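A.B. asks: Mind folding the following:
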Amino acid sequence: NATVILIDPNGNRQTVTTGSFGNYTFEGLELGRDYMVTVQSRRFRFGARTVNLTENLAGFDLIGLE
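C.D. replies: All right, here's what the predicted structure looks like:
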């Protein structure tokens, strides 16, 4: 039940809540663009990551720092 936040180069944000196994999906993203991804959670801290969307990123994992 963490919140995954995706920010596009224009500063537009999309948020989704993970399922019980940590799964999440974003739809309608444009290929070839950079997106910043971060997570908000009550139990863990996460660092932001930037990803260039060149294809389907199934299995893009975000690992908690604590």
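A.B. asks: So what are the sheet partners of the helix or strand harbouring Thr15 and their directions?
C.D. replies: Assessed by DSSP states H and E, Thr15 sits inside strand 13-17. Using DSSP bridges, strand 13-17 pairs in its sheet with strand 3-7 (antiparallel).
A.B. asks: Extract the CA atoms of the partner strand and return them as CSV.
C.D. replies: Extracted C-alpha coordinates of strand 3-7, given in CSV (Å, rounded to 0.1, in the frame of the first residue of the first chain):
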residue,chain,number,x,y,z
THR,A,3,2.2,5.4,-3.2
VAL,A,4,4.3,5.5,-6.4
ILE,A,5,4.6,8.9,-7.9
LEU,A,6,5.7,9.5,-11.5
ILE,A,7,6.6,13.0,-12.7
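A.B. asks: same question for it, mean pLDDT?
C.D. replies: Average pLDDT, strand 3-7: 95.
A.B. asks: Any idea how far it is from the middle of the chain?
C.D. replies: 5 Å (CA atoms, centre = their mean, to the nearest Å).
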